[in-house]
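**Student:** Fold the stuff below for me.
(one chain, ligands or ions: 1)
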Amino acid sequence: MFYDHKLMSQLPTLSATEVTSERLLLRKAHHADRDGLIELMTDPEVQAYLGGPRPRSEVEQHFDTSIANSTPSPGNFVIADNTTNRVIGTLMLARRSADRPGHVTEGGGELELGYVLRRSAWGAGFAYEAATAALRAAADELPDQPVLVVTQTANQRSLKLAARLGFRPVSTFEEFDAEQTLCTAPLFMFRV
Ligand SMILES: CC(C)(COP(=O)(O)OP(=O)(O)OC[C@H]1O[C@@H](n2cnc3c(N)ncnc32)[C@H](O)[C@@H]1OP(=O)(O)O)[C@@H](O)C(=O)NCCC(=O)NCCS
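**Tutor:** The predicted structure is shown next:
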């Protein structure tokens, strides 16, 4: 497979601001998502492999001063139920900075997929559905290139999801005092 790495690092991420799937709507954050998004950041189980839960007061302040007022950055979505519009989680498809460890290209800057669901939404295939929809939309818009999933090796649910999506583990490395597994898949694998 041929990737133009120089070109790749200059490429944007998915430009769509909304992506729909059978049960979900990927959209920008609304004020009404406040409680759900704060829950995501403060839930010990959800944050177990993401550096631990943040203090509620800090998260509330951060949400009220920055998240709620900022313009949404491309590739960052709230995952909502497409009938109730209730927030289920968040999904990100953004570029992995070259100065962090964990890359499959020399120049870095690859697309990286991340997902976080509310604890009550685990076990229903929502993360799989959201990731598939976002990756399909990205594959329609962008040239072929490697996509990464980086997750703590201890995070079995996340590794299982990455494998079900078709990502293959390629290496491990240390970051944030934990072993991380680097998985990758070609973007065009998600074309329909
Ligand atoms: C990682 C995470 C998103 C995985 O959530 P998940 O719900 O297990 O993931 P999936 O969407 O793949 O769902 C798979 C489960 O739904 C079940 N399922 C039910 N209905 C389904 C459907 N229609 N389609 C697919 N799977 C379905 C599957 O059987 C599977 O169940 P199992 O876990 O008992 O085997 C979630 O654990 C999480 O938010 N963790 C905290 C955040 C985190 O660590 N993120 C990783 C950083 S990259």
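**Student:** so how far is V78 from the residue nearest in space to the middle of the chain?
**Tutor:** The residue lying closest to the centre of the chain (C-alpha atoms, centre = their mean) is G114, at 2.1 Å. Distance of G114 to V78, computed by C-beta to C-beta, to the nearest Å: 13 Å. Every residue, glycine included, has its C-beta placed from N, CA and C.
**Student:** cool, and D33?
**Tutor:** 6 Å.
**Student:** what is in contact with these two at once?
**Tutor:** V87 (C-beta atoms under 8 Å, 6 or more residues apart in numbering).
**Student:** circling back to that earlier point, which helix or which strand is home to the residue nearest to the centre of the chain?
**Tutor:** strand 111-117 (DSSP states H and E).
**Student:** I38 now?
**Tutor:** Assigned by DSSP H and E, I38 falls within helix 34-42.
**Student:** right, and the helix or strand after that helix?
**Tutor:** helix 56-62.
**Student:** hang on, L91 in a strand?
**Tutor:** Yes - counting by DSSP: H, G, I helix; E, B strand; the rest coil, L91 is located in a strand.
**Student:** So what sits opposite it in the bridge?
**Tutor:** Counting by DSSP bridges, L91 forms beta bridges with F77, Y115.
**Student:** returning to what we had before: and the helix or strand that the strand holding G114 is followed by with the ligand, contact?
**Tutor:** The first helix or strand that comes after strand 111-117 along the chain, using DSSP H and E, is helix 126-141. Yes - counting by C-beta under 6 Å from any ligand atom, the ligand has neighbours in helix 126-141: F126, A127, Y128.
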